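Colleague: From the sequence below, what's the structure:
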Amino acid sequence: MNHSPATRMPWVDLIKGTSVVLVVLMHSALLLQATGSDGIRLWDSGAVTLWNDVGTLLEPLRMPIFFLISGMLAAGALQRSWGQSRQRTWGMAYLYVLWTIILLALTTAFLNQTPWEALTSLPSILLFASSGYWYLFALLLFFVVARLTRKVPAVVLIAVAALINIARPITDSVLFDLLDPIHPGSLAPMIAMNLVFFLIGARYRDLVGRLSAFANWPTVVLLGIGLVAAGIYRFENPELLRLTFFPLSLAWIIWGVLTASLVTRNADIRDLGSYVGQRTLPIYVMQFPLLFLVQWTFLRWQPDFMQFTWIQTLLPVLLTASIVGLALLVYRFTATTSLNWLFTAPRWALYPTNQLHLRRRQRTLDTHASARAAGTIAQLPPRDRVGSEQLESVD
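Modeller: Here you go, the predicted model:
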């Protein structure tokens, strides 16, 4: 299946766009769990419980299907050379570092931290993926893993990744014991859980794509009822929440593909899904600064209107719509201005080693120019007497 921008199936974009909206919705709902300086929740109503249950219900779907689609879209790049995949390596690293710095600078300014504290914490935040931008870190890591293991049989590779997920209590314990003493709060366990879904999308792209051929409403309805029932069962058995939900995620993914295939038969939904699905990056990266500002405002002023349950119930939806809309507007503005570096890696970030070569060559040219001006070119050391044929730039 060819997933180039011109020909990829419309349901792919719809799933991608819906997934990022669900991520923003979940993070918006977490604001309802804010606590005051005394450690007591500011709001404790049925709305908080409702959104917590919705988040738990959709947990097996939200990030797994997001990573599966990301793997499908990366499948073609995995067959190309490293040099032809710079947007997925150097480009992703650039965006990860950039937006981590932006968020850290914002929180430092509003939380009265010192610049030195922020600067010294940055390396560990980046290395151990302890910020909301762990998804970008994971995309970079997963692509590198998939690229290095592309000659490994798919069945073997995915079986290993699935075992890491299935053995979730052990995986979580090992990673926690290994990383927590060094840097508390690492999201490495969550990254480990999602590797298998990226690899399934990358290695079995065509197989996943063929699921859409079996889409019909009776199957979607019956499967959906079963998945909701399974979710309710998990609510009633909290001990299951710490175990793997790998089989449940696979069922949710099938449901998601079938549903998206059906609803994209409507032209308006298809167009909307394509528009949002091809602009998920600005939505994902902008949500954290915006949500931080909202949370800071609520904690500082504790507005009275937040005591109403109906407002608490609507708040995550309203915040999600506002963040998605604002992010798309900002992206549209920056795409054609000098601010496009916020969402697209500039050339110097994609070719960092070339920049070093170019600087060295520029210094050599400057040395030549100075030597010619002084009439001392013959006195230059041999290593600085570089012929013009050696000063061609490289791509």
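
Colleague: From now on I want contacts and neighbour counts done on CA atoms only, so please keep to that.
Modeller: OK.

Colleague: can you give me the offset of the longest helix along the chain from its chain's centre?
Modeller: Secondary structure assigned by DSSP state H gives helix 46-74 as the longest helix of the chain. The gap between where helix 46-74 is centred and where its chain is centred comes out at 13 Å by Cα atoms, centre = their mean, to the nearest Å.

Colleague: do the same with stretch 205-214
Modeller: For stretch 205-214, the distance to the chain centre is 24 Å (Cα atoms, centre = their mean).

Colleague: what packs against the next helix or strand after the longest helix of the chain?
Modeller: Later in the chain than helix 46-74, the nearest helix or strand by DSSP states H and E is helix 90-110. If you count contacts as 3 or more Cα pairs under 8 Å, 6 or more residues apart in numbering; DSSP states H and E, helix 90-110 packs onto helix 115-127, helix 134-148, helix 280-301, helix 347-350.

Colleague: one step back: now do the longest helix of the chain against helix 134-148, angle only.
Modeller: Using axes from the mean of the first three to the mean of the last three Cα atoms, to 10 degrees, the inter-axis angle of helix 46-74 relative to helix 134-148 is 30 degrees.

Colleague: List the buried residues in helix 46-74.
Modeller: When neighbours are counted by 16 or more other Cα atoms under 10 Å, the buried residues of helix 46-74 are found to be 47-48, 51-52, 55-74.

Colleague: helix or strand for the closest residue to residue 62 other than its chain neighbours, which one?
Modeller: Distance criterion Cα to Cα, 6 or more residues apart in numbering; nearest residue to residue 62, sequence neighbours excluded, is residue 19 at 5.8 Å. Using DSSP H and E, residue 19 sits in helix 10-30.

Colleague: Quick one: list the elements packing against that helix.
Modeller: Partner elements for helix 10-30 (3+ Cα pairs under 8 Å, 6+ apart): helix 46-74, helix 246-263, helix 267-277, helix 280-301, helix 309-334.

Colleague: mind listing what the spatially most central residue of the chain touches?
Modeller: The chain has residue 135 as the residue nearest its centroid, 3.1 Å off, counting by Cα atoms, centre = their mean. Contacts for residue 135 were tallied using Cα atoms under 8 Å, 6 or more residues apart in numbering; they are residue 191.

Colleague: From residue 83, how far out is it?
Modeller: 23 Å (Cα to Cα, to the nearest Å).

Colleague: where does the stretch 251-395 of the chain dip in pLDDT?
Modeller: Scanning the stretch 251-395 of the chain for pLDDT under 70 picks out the ranges 354-395.

Colleague: same thing but at 50, please
Modeller: 382-395 (pLDDT under 50).

Colleague: Against residue 125, how distant is residue 117?
Modeller: 12 Å.

Colleague: Tell me where the model's unsure across the stretch 1-150 of the chain.
Modeller: Using pLDDT under 50, the stretch 1-150 of the chain drops low at 1-6.

Colleague: 90 instead, please
Modeller: Low-confidence segments of the stretch 1-150 of the chain (pLDDT under 90): 1-9, 33-46, 111-114.
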